Each structure stands twice: as C-alpha cells, then as structure tokens.
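1. I need the structure of the sequence given here:
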Amino acid sequence: MRVGMSVSEQQAKEMRAKAESLRQQSTILAQHQTRTCTRCGRKTTFMLEDPAGGWYSCLECGRYA
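-> Now for the predicted structure:
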C-alpha cells in the first residue's frame, strides 16, 4: 500500500485544481454580436447558440461562427 503521492501525481492534482478554478472564473458570453458573415457577406447579428462552446449563428443564413 502506498502512503504518499509521486511528484507527477501531485502535479496532475494541482493542474486539475487550476483548471477547475479557471472554469469557474470563465467570462459570460454576450447573447448577440454584430459581425460580418463569411457565408452571406452581410454585416448582421449573430446569436449565441452554444454557450459552452462559444458558437454563434448568423441570423440571416444560419451559418455558425
């Protein structure tokens, strides 16, 4: 039976703790953005579709950006 952690196990544990901390501090994305769509070429509004991934869709053609 092992009593202590190896250096790499300790580093991995610290990295997981840092990642969780950053995840909790993540910025809140705006629900709408004005952009120029590469598909339809219009300067239009993009709506947030997937907050976890940061995916927005063009309200004119539906393409994701």
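
2. contacts and neighbour counts: CA atoms only from here.
-> Will do.

3. what's the helix or strand for Met47?
-> Secondary structure from DSSP states H and E places Met47 in strand 43-50.

4. I'd like the average pLDDT over that strand.
-> Over the span of strand 43-50, the pLDDT mean works out to 92.

5. residues in contact with it?
-> 30-37, 54-60 (Cα atoms under 8 Å, 6 or more residues apart in numbering).

6. mind redoing it with 7 Å?
-> Contacts to strand 43-50, defined as Cα atoms under 7 Å, 6 or more residues apart in numbering, come from residues Gln31, His32, Gln33, Thr34, Arg35, Thr36, Cys37, Trp55, Tyr56, Ser57, Cys58, Leu59.

7. quick one, helices of the protein?
-> With DSSP state H, the ranges of helices along the chain come out as 7-24.

8. can you list the weak-confidence ranges in it?
-> 1-5, 19-27 (pLDDT under 70).

9. what do you get if the cut-off is 80, keeping everything else the same?
-> With pLDDT under 80 as the threshold, the chain has low-confidence stretches at 1-7, 16-28, 53.

10. Dead centre of it: give me the residue that sits there.
-> Residue closest to the average C-alpha location in the chain (Cα atoms, centre = their mean): Gly53, at 4.4 Å.

11. quick one on the thing from earlier: now, the contacts of strand 43-50 that are in strands?
-> Among the contacts of strand 43-50, DSSP state E puts His32, Gln33, Thr34, Arg35, Thr36, Trp55, Tyr56, Ser57, Cys58 in strands.
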